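>>> missing the sequence, but the structure's below:
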């Protein structure tokens, strides 16, 4: 039948409608969500670090008991680094919460 009526031309679908720009309230809400998500991730990381700190303490005690002083020193240095990371995690979370509070007051 195409010889009789000709080939059917493919019609392109219309372009999707352009979404309206976000309002200030929507932007604040979106940014608040991402900040809260980052705070939760920081909290999870901090808890993992604290668990690692406890494991390191036990390992230091075990190696010191076995008389491996040099290994205990290396582990102690790692423990100090871990504690510094935990402190930084607290600071980052506090700063994120501060920004979140500022966004809340903008609403």
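Perfect, thanks for sending it. In this text, all values refer to a predicted model and were calculated from it rather than measured experimentally.
>>> Tell me the first helix or strand C-terminal of the lengthiest helix in the chain.
Secondary structure assigned by DSSP state H gives helix 24-65 as the longest helix of the chain. Once helix 24-65 ends, the next helix or strand along the chain (criterion: DSSP states H and E) is helix 69-106.
>>> What is that next one packed up against?
The elements that helix 69-106 packs onto, with contact taken as 3 or more C-beta pairs under 8 Å, 6 or more residues apart in numbering; DSSP states H and E, are helix 24-65. Just so you know, the C-beta spots here come from the backbone N, C-alpha and C atoms, and that holds for glycine as well.
>>> Quick one: list the elements packing against the helix it packs on.
helix 69-106.
>>> Off-centre distance for the longest helix of the chain?
Put simply, helix 24-65 sits 9 Å off its chain's centre (C-alpha atoms, centre = their mean, to the nearest Å).
>>> just stretch 68-88 next, same as before
25 Å.
>>> Of all the residues in it, which ones are buried?
Within stretch 68-88, the residues that count as buried by 16 or more other C-beta atoms under 10 Å are 72, 75, 79, 82, 86.
>>> residue contacts, the first one?
If a contact means C-beta atoms under 8 Å, 6 or more residues apart in numbering, then residue 72 has 60, 63, 64 as its contacts.
>>> Go ahead and name everything in contact with stretch 94-105.
For stretch 94-105, contacts defined as C-beta under 8 Å, 6+ apart pick out 28, 31, 32, 35, 36, 38, 39, 42.
>>> I'd like to know which of these are buried.
Buried among those by 16+ other C-beta under 10 Å: 32, 39, 42.
>>> Can you lay out those as JSON lines showing distance to residue 100?
Below are those laid out as JSON lines (distance: C-beta to C-beta, whole Å):
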{"residue": "32", "distance to residue 100": "6"}
{"residue": "39", "distance to residue 100": "7"}
{"residue": "42", "distance to residue 100": "12"}
